[in-house]
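Asker: kindly return the folded structure for what I paste below:
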Amino acid sequence: MDELYHYSPLPVSGWFRVLIIEPSDDPENSMSCKLRHHPISPNIGYDALSYTWGDEEPECQIFIDKKLFWIRKNLYTALQVVRRKEKELLLWVDAICINQDDENERDYQVRQMNDIFAKASLVRVWLGAATTGSDRGVDVLCKFHNTVHDAWKGSWARIGSTFRKKDRLDASKSYDYFINSRDDYEAYYKPVMPLLEDSQSLADLDQAVLLLCRPWWKRMWTLQESVLCKQVVCYCGSRSFPLDYFYTLTYFIYFSANFDSWPGLLTDSKVSLREAWRIADLRGHFSKKGQISLLLALDSSWNRRASDPKDKVIGLLGLLGQRSDLLPEYAWQLEKVYRTAFRAAIQEEGDLSCLGFMSELSERRNPNLPTWVPDLEIHSETGSDYLASLSKPIFGSTLYNASLAQKTKKTRISTENDDSYCTGESSAQVFWRTVLVDLKQGTYPEPCRATGPSRLDANDQEWLSRLETEQGLQELILTWGLSCQQVFRQLRLIEQFHRRFFVTTNGYVGLGPPSLETGDSVCVLVPGTVAYALRDSEKGRWKYVGECYLHGIMNGEIIEDVAQNEDTYTTFRIE
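Answerer: Numbers count the residues shown, from 1 in each chain. Have a look, this model is predicted:
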């Protein structure tokens, strides 16, 4: 029986192990390797592997310094693909280069992840083995990217409504082109439109979309691994291509869907369009600043999966730069890891944006967490709830004082009532503006925004007033057709995201979380950006219930007025 490999301790912090894979021209030959200690340095000339572990037990054997070492099938297949035929490959692989049985080593090696990936010559992303049609998907992905970028000299398409605009297209210049209209969309993507008219190319394009369904896009650790290094190459089976080829495809899918022109595979939660957008945005952000904020990191990873729920925080440390207020350890209780992270986020941001991460599935929350600390573990589960948050979009334990509090009550809302609301609007206007959360409704989620959605203007309010009667509603449905579907889509979202209408004792109308109860207080917490529901507990303590939209105060007038008068503040101690 072969002797098992045993780790020798690393000398000091700042050192790591590098796997040296010996060459072979036969992929079926046994995997012979060496494991060496080095100080972390780009001079070594090593690559780093980003992949998913999988849930199966290690069943494949490799040899390290002629001793047996067991690894999982997915990793073994990846090593077979990247192994060179004639030259050694220096590779950092977490499952091998970190002694996973040594908790202390895991802690300090994880804190070195930013250095390890940032100083690698190349990050090799292993999407998984080839499947039927995946090679055709890679081919059309490469063809699509090269066609677009050859035509526009490397220019990138971007969403234009919230960014600067270009007056005209100029293919002789290289810049980020911002798409604001269907004309912009058709002009920019004209070179690839023939692909959409050919049935075989369209079928191949669907195979490219399926590459975005691979588990790699959903795992916690792969986020920072794809952001930290300047050069990232993806592998699917034996085929390889740069990571940024995905950006070209996903932005095209976004624009096509937004202009009702996407002819390919229907996209759903399994297709990681947003994950590709996030990686693109974070890579740009990280390359400029060398780190990202904790809240942005949490926002970018909230629905990624982790075998150890502590990794929902620990797996982000490499993106955050050096900081002394967040040094979680695997030995900590999960509640301490999450509490420390969100306290640090509140202090860093100076506001309560992190409360937007709170899940609506309150019955599944970890009961040991304070009510103001989001349970990140819930969002790791398949089919977890969408974050229907008012404050969460950020692109762009005593907590804080509150300046306004209203009690909720039971009521029945009727749009036939002509009584004026406190803002001077009719009941129908208040109802529909509350349904829309007083925001213009888009047709597809944008991957990034420089500012938040626009407030309803005078024209928007005029057509809302026509919804006061059944006749007016039917006329608009017949006249507007698809336009009205946006309103009904929002009504469906309220149902799907478990929003509840409420009325306060002072007559304010709003939308709240599903756990909202009669008698809860709706407060404007300083420095919050939305209203929040709190529940009186005992001994002067309160429980956090969730975010609310409160019509008539969300434009900031009341918040600003009260903020200037500190005598109106009331302290809420939230447990």
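
Asker: can you give me the domain boundaries for this structure?
Answerer: As given by automatic domain parsing, the domain ranges for the chain are 15-120, 134-223+246-273, 294-320+327-385, 403-574.

Asker: by mean pLDDT, show me the worst of these.
Answerer: Among the domains of the chain, domain 403-574 carries the lowest mean pLDDT, at a mean of 64.

Asker: hmm, Asp520 is touching Ala533, no?
Answerer: Yes: the criterion here is C-beta atoms under 8 Å, and Asp520 meets it with Ala533 at 5.0 Å. (Each C-beta comes from the backbone N, C-alpha and C, glycine too.)

Asker: distance of Asp65 relative to Leu122?
Answerer: Distance, Asp65 to Leu122, using C-beta to C-beta, to the nearest Å: 25 Å.

Asker: who's more crowded, those two?
Answerer: Between Asp65 and Leu122, Leu122 has the larger neighbour count (other C-beta atoms under 10 Å), namely 15 against 12.

Asker: relative to Leu89, how far out is the more buried one?
Answerer: According to C-beta to C-beta, Leu122 stands 10 Å off from Leu89.

Asker: which neighbours do those two share?
Answerer: Asp47 (C-beta atoms under 8 Å, 6 or more residues apart in numbering).

Asker: how many residues are close by Trp152?
Answerer: Using other C-beta under 10 Å, Trp152 has 21 neighbouring residues.

Asker: typo on my end, Thr248
Answerer: Count around Thr248 with other C-beta under 10 Å applied: 21.

Asker: isn't it up against Cys142?
Answerer: No: Thr248 lies out of contact with Cys142 (C-beta under 8 Å); the separation is 9.9 Å.

Asker: in the stretch 1-150 of the chain, which spans are strands?
Answerer: Shown for the stretch 1-150 of the chain, the strands assigned by DSSP state E, counting those that start in this stretch span residues 15-21, 32-39, 47-50, 60-64, 67-71, 89-92, 122-128.

Asker: which one of the ones you listed lies closest to Ile378?
Answerer: Nearest of the strands of the stretch 1-150 of the chain to Ile378, taken as C-beta to C-beta: strand 47-50 at 25.4 Å.

Asker: sheet-wise, list the partners of that closest one with their directions.
Answerer: strand 89-92 (parallel), strand 122-128 (parallel) (DSSP bridges).

Asker: quick one: Pro309 is in a strand?
Answerer: No: using DSSP: H, G, I helix; E, B strand; the rest coil, the assignment for Pro309 is coil, not a strand.

Asker: not counting its neighbours along the chain, what's nearest it?
Answerer: Setting aside the residues directly before and after it, Pro309 is nearest to Glu377 in space (C-beta to C-beta, 6 or more residues apart in numbering), at 4.1 Å.

Asker: now swap in Val93 and tell me
Answerer: Per C-beta to C-beta, 6+ apart, closest to Val93 is Leu49, 4.8 Å.

Asker: so what sits opposite that neighbour in the bridge?
Answerer: Arg124.

Asker: quick one, what contacts it?
Answerer: Leu49 touches 78, 82, 91-93, 123-124, 126, counting by C-beta under 8 Å, 6+ apart.

Asker: one more pass at 7 Å, please.
Answerer: 78, 91-93, 124, 126 (C-beta atoms under 7 Å, 6 or more residues apart in numbering).

Asker: distance of it relative to Ala120?
Answerer: Distance of Leu49 to Ala120, computed by C-beta to C-beta: 9 Å.

Asker: anything in contact with each of these two?
Answerer: In terms of C-beta under 7 Å, 6+ apart, Leu49 and Ala120 are both contacted by the residues Trp92.

Asker: quick one, strands of the stretch 201-350 of the chain?
Answerer: Using DSSP E, counting those that start in this stretch, strands in the stretch 201-350 of the chain cover 232-236, 239-242.

Asker: winner for burial among those strands?
Answerer: Among the strands of the stretch 201-350 of the chain, strand 232-236 has the highest mean neighbour count (mean count of other C-beta atoms under 10 Å), at a mean of 21.
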